[in-house]
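J.: Fold the following for me, if possible:
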Amino acid sequence: MNNLRLVLISILLFAAGCGNKDGNAEKAGAAIDDAVETVQEKASEVADQLDNDGPMENAGEAVDEAVSNAKESTSEAMSKVKEASKDVMDDARTSANEISDKLKQQAAEAKRKTQEALNKEKD
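T.: As a prediction, this is how the structure comes out:
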């Protein structure tokens, strides 16, 4: 019976100790949480400082970006010019062929009229 009392008292004391939220384990956990939070904040601050470039670095990056944009725009413009050049050349070929055909027709007509005129003179 004494052993049973001892076990019951131990269980009651243990249960009473577990219900205490301000125990050593709880305090240690809170301290660890605070330490982790502090480390995370400091790491974030350091990362922010590393990302904050000086004015010369920012200017250099702006120049790099402008050059990159200019290259891209120039490349796009050249592609458009090439495409437009092809279209102009196609139009020029078509026009040249049409003019050539008209000149051939006019030459044939002039030859025919000249032949007619020569035939009238003979008569």
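
J.: Looking at Ser85 now. What's its pLDDT?
T.: Ser85 is assigned 86 on the pLDDT scale.

J.: Would you map the helices across the chain?
T.: Using DSSP state H, the helices of the chain run over 2-18, 24-51, 55-122.

J.: Now tabulate those in a markdown table and tack on mean neighbour count.
T.: In this view, the C-beta of every residue, glycine as well, is placed from N, C-alpha and C. As requested, the helices of the chain are exported to a markdown table (neighbours: other CB atoms under 10 Å):
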| stretch | mean neighbour count |
| --- | --- |
| helix 2-18 | 9 |
| helix 24-51 | 10 |
| helix 55-122 | 10 |
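
J.: rank these by pLDDT, which is bottom?
T.: helix 2-18 (a mean of 58).

J.: Tell me how far Ala35 lies from Ser44.
T.: 15 Å (CB to CB, to the nearest Å).

J.: Likewise for Asp87?
T.: Asp87 is 56 Å from Ser44, by CB to CB.

J.: Also Thr74?
T.: Separation of Thr74 from Ser44 (CB to CB): 41 Å.

J.: for Arg93, same thing?
T.: Between Arg93 and Ser44 the computed distance is 66 Å (CB to CB).

J.: ok, now Met56?
T.: 25 Å.

J.: swap in Glu121?
T.: For Glu121, the distance to Ser44 (CB to CB) stands at 107 Å.

J.: for Glu72, same thing?
T.: Look at Glu72 and Ser44: by CB to CB, they are 35 Å apart.

J.: One more: Asp33?
T.: 17 Å.

J.: Kindly report the same for Asn119.
T.: Note on Asn119: its distance to Ser44, by CB to CB, is 104 Å.

J.: ok, now Leu118?
T.: 103 Å.

J.: Good, wrapping up.
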